[in-house]
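A.B. asks: Fold the stuff below for me.
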Amino acid sequence: MVGQQVSSIAIVTGGSSGIGKAISIKLAEEGITVIIADIAFPDHTHENIHFRLCNVTLGDEVDSFYQWVLENVGVPDILILNAGRGIHEKLTEGDPEKWFYIFNLNVMGALRLIRRFVPKMVERESGKVIFISSVSEGNSYTYGGIYSASKAALENVAETLRLETSPHINVSIIAAGITETDFFNNQISGHSKNPIEEIGMSSLSSEDIADDVLYTISKKGEASINKIVTRPVGQTF
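C.D. replies: You can find the predicted model right below:
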């Protein structure tokens, strides 16, 4: 077994950087054993954080990750579906192969983890699943159609999962506004040198979203937080 058994075990996809990194650190500091699934090694360490190389767009890698977690850690209490990337392309000019990749990562990646881990959580009759989404899900904007559509699909998956696993699994969505991370620079199309400055609005920190995650998983009893929308005060959409 990895480390010592603690009160909770959490999986964080895309936990090596950005919002996922902040979530991983926040939970680890609360005594939760965190297993990061990512394609990049994290640059942060904590005695409660463990890493496994896993590309969630590949079914075989998700299957191997699942087997390792069950054999070395156990059934997770918390599943945080954070892995994702952006794209900034016009629908009449963009590359459909890149669009496919975005959906494969942002939506199918989450579904692969759900299909593997949630049945065990339902069998145990307890667990929390948190989807990291975006305010762009309900706000169409030019060049953002593919990314927005992927987040809209993800939130539909979340609500369906809530209905299908009730009353055993607590399902939540956290929709983030503009956040100061490398998200914009890591888009597969539409790179920008100073994206936050170009948008011209204030921004959140990754820790702001990590705080939302901690608040969500801290709810007790019958209370269930289905969705949190967090924007910087200066954001207009």
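A.B. asks: the strands in this protein, which residues?
C.D. replies: Using DSSP state E, the strands of the chain run over 9-13, 33-38, 49-53, 78-81, 128-134, 170-176, 227-230.
A.B. asks: could you point out the longest helix in the protein?
C.D. replies: helix 145-165 (DSSP state H).
A.B. asks: Using TSV, lay out the strands of the chain together with mean neighbour count.
C.D. replies: To be clear about C-beta, it is placed using only N, CA and C from the backbone, and glycine gets the same treatment. Shown next, in TSV, are these (neighbours: other CB atoms under 10 Å):
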stretch	mean neighbour count
strand 9-13	26
strand 33-38	26
strand 49-53	18
strand 78-81	26
strand 128-134	25
strand 170-176	23
strand 227-230	16
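A.B. asks: Using CSV, lay out these together with mean pLDDT and distance to residue 164.
C.D. replies: Shown next, in CSV, are the strands of the chain (pLDDT from 0 to 100; distance: least, CB to CB, whole Å):
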stretch, mean pLDDT, distance to residue 164
strand 9-13, 98, 19
strand 33-38, 98, 23
strand 49-53, 97, 27
strand 78-81, 98, 15
strand 128-134, 97, 11
strand 170-176, 97, 9
strand 227-230, 96, 17
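A.B. asks: Pipe the ones you listed into CSV and attach distance to residue 205 per row.
C.D. replies: CSV is the format used below for the strands of the chain (distance: least, CB to CB, whole Å):
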stretch, distance to residue 205
strand 9-13, 17
strand 33-38, 19
strand 49-53, 19
strand 78-81, 18
strand 128-134, 15
strand 170-176, 11
strand 227-230, 11
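A.B. asks: mind checking which of the ones you listed is nearest residue 60?
C.D. replies: strand 49-53 (12.5 Å; CB to CB).
A.B. asks: Now for the chain, the helix or strand with the poorest mean pLDDT.
C.D. replies: helix 195-199 (a mean of 58; mean pLDDT, DSSP states H and E).
A.B. asks: now residue 127: how far from residue 61?
C.D. replies: 22 Å (CB to CB, to the nearest Å).
A.B. asks: Mind checking which of these two has more residues around it?
C.D. replies: Between residue 127 and residue 61, residue 127 has the larger neighbour count (other CB atoms under 10 Å), namely 21 against 17.
A.B. asks: Against residue 226, how distant is the more buried one?
C.D. replies: Taken as CB to CB, the span from residue 127 to residue 226 is 15 Å.
A.B. asks: and what of residue 121?
C.D. replies: 17 Å.
A.B. asks: Compare these two (neighbour count), which wins?
C.D. replies: residue 121 (21 against 12).
A.B. asks: show me the contacts for that one.
C.D. replies: Contacts for residue 121 were tallied using CB atoms under 8 Å, 6 or more residues apart in numbering; they are 75-77, 79, 127, 129, 165, 168-169.
A.B. asks: For those residues, give me TSV that also has distance to residue 85.
C.D. replies: TSV is the format used below for the contacts of residue 121 (distance: CB to CB, whole Å):
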residue	distance to residue 85
75	29
76	24
77	27
79	20
127	26
129	21
165	27
168	31
169	26
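A.B. asks: Touching stretch 141-157 from outside, list them.
C.D. replies: Under CB under 8 Å, 6+ apart, the answer for stretch 141-157 is 81, 84, 86-91, 94, 98-99, 102-103, 106-107, 110-111, 114, 131, 133-134, 136-140, 173, 175, 190, 237.
A.B. asks: Show me which of those residues are buried.
C.D. replies: Neighbour-count burial (16 or more other CB atoms under 10 Å) is assigned, among those, to 81, 84, 86-89, 94, 99, 102-103, 106-107, 110-111, 114, 131, 133-134, 136-137, 173, 175, 190.
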